[in-house]
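Participant: Structure here, sequence nowhere to be found:
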């Protein structure tokens, strides 16, 4: 009787919001826990070895794997996993300015474009050769070649990837990102690289921007500045790659000769990403606002990753784990080789 009475007294417009509440609240709790653990990690070690993105997935996955969540949590979790992530991608566009292209010079820009395209193709081929599914191989390739977790999270809705594939790709890509930060300084000595050369290598191989700053630090200020610039240009490839993936996915689903519409190959969040980047480049977004937008984008992404973890059963990850690890390792080795080749071909001093 009480349930029926509550249903009668509930306004029709409020019902959808009430159905989302349990999952959203749980996702927020997981996200806050991830931020808290990252803060503890930084306080104890003075380093950020495991990012809040990864922690959110790990915590969410642990909860999902250990507890049978009631069905009431599902709508809110899906909302955070999809819509919240799409909003985060739009806001990410405000962090990127086209002015970086002018500062780099055409040769280096073209070299970065070539590196990203070649790395995606080779990484995807490695993944498929090792038996990964098309979508999982695509996610690993994008994460390895562009910007790690952010690229995987952005590409996932475009190709309609499964939660297990997304979490698997992010988990192992994140681990390799940390390994690269720790191992890359060996190349500075081993190959006798100059500051600019080491900066280019860092920007082309390390996944996240904060990780690039950490990895490039041994090369000095010039290495850090160069690495950051190269990394930003590399991140700019995210838009064209997402557009291409969307067009390919739509064409494949419709079959040969199918008409591809703009609204299908460029979902609203991709258009929003490009629009925000254009506004930033035109000076329509004040520089003082950019850090706040970047922090908001990161917070929403962590929330989305918490929801993603809450949708994943760890037992599903174990079946593809070994192949994903092998694909990611081989892919990062190929990317490093391409980056070193580019440095010497362009005679970066």
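Facilitator: Noted; the coordinates are in hand. The model shown is predicted, which means the values in this text are computed figures rather than measured ones. Numbers count the residues shown, from 1 in each chain.

Participant: In this protein, where is pLDDT below threshold?
Facilitator: For the chain, residues meeting the criterion pLDDT under 70 lie at 1-15, 98-104, 174-175, 178, 210, 252-267, 313-321.

Participant: From the contact counts, what lies against the longest helix along it?
Facilitator: Assignment by DSSP state H gives helix 15-45 as the longest helix of the chain. Secondary-structure packing of helix 15-45 (3 or more CB pairs under 8 Å, 6 or more residues apart in numbering; DSSP states H and E): helix 52-66, helix 74-79, helix 290-310. For every residue, glycine as well, the C-beta is placed using N, CA and C.

Participant: And it, how far out from the chain middle?
Facilitator: Taking CA atoms, centre = their mean, to the nearest Å, the mean C-alpha location of helix 15-45 is offset from the chain mean by 19 Å.

Participant: what does stretch 69-79 give?
Facilitator: 23 Å.

Participant: now the end-to-end length of that stretch.
Facilitator: Taking CA to CA, to the nearest Å, stretch 69-79 runs 16 Å from one end to the other.

Participant: tell me the secondary structure for residue 165?
Facilitator: Using DSSP: H, G, I helix; E, B strand; the rest coil, the structure places residue 165 in helix.

Participant: before we move on, what about residue 283?
Facilitator: coil.

Participant: Any idea how many residues pack against it?
Facilitator: Per other CB atoms under 10 Å, the neighbour tally for residue 283 reads 10.

Participant: residue nearest the centroid of this structure?
Facilitator: Against the mean C-alpha coordinate of the chain, by CA atoms, centre = their mean, the closest residue is residue 150 at 1.4 Å.

Participant: related to what we said a few turns ago, I'd like to know which of the helices and strands packed on helix 15-45 is closest to residue 92.
Facilitator: helix 290-310 (4.7 Å; CB to CB).

Participant: Between helix 52-66 and that closest one, find me the angle.
Facilitator: 20 degrees (axes from the mean of the first three to the mean of the last three CA atoms, to 10 degrees).

Participant: Which strands or helices does helix 290-310 pack on?
Facilitator: Judged by 3+ CB pairs under 8 Å, 6+ apart, helix 290-310 is in contact with helix 15-45, helix 52-66, helix 74-79, helix 85-92, helix 149-159, helix 163-183.

Participant: buried set for that helix?
Facilitator: 293-294, 297-310 (16 or more other CB atoms under 10 Å).

Participant: of all the residues you listed, which comes closest to residue 133?
Facilitator: Of all these, residue 133 sits closest to residue 308, with 17.6 Å by CB to CB.

Participant: residues in contact with that closest one?
Facilitator: Going by CB atoms under 8 Å, 6 or more residues apart in numbering, residue 308 touches 56, 57, 60, 81, 163, 166, 167.

Participant: Quick check: closest non-adjacent residue to it.
Facilitator: Distances taken as CB to CB, 6 or more residues apart in numbering place residue 81 nearest to residue 308, at 5.3 Å, with adjacent residues excluded.

Participant: what about the one you found, distance to residue 211?
Facilitator: Per CB to CB, to the nearest Å, residue 81 is found 25 Å from residue 211.

Participant: Just want the angle from the helix or strand harbouring residue 235 to helix 85-92.
Facilitator: Residue 235 belongs to helix 221-236 when assigned by DSSP states H and E. Angle between the axes of helix 221-236 and helix 85-92 is 130 degrees (criterion: the same axes, to 10 degrees).

Participant: Pull out the buried positions in stretch 125-137.
Facilitator: Under 16+ other CB under 10 Å, the buried positions of stretch 125-137 are 126, 127, 128, 130, 132, 135, 136, 137.
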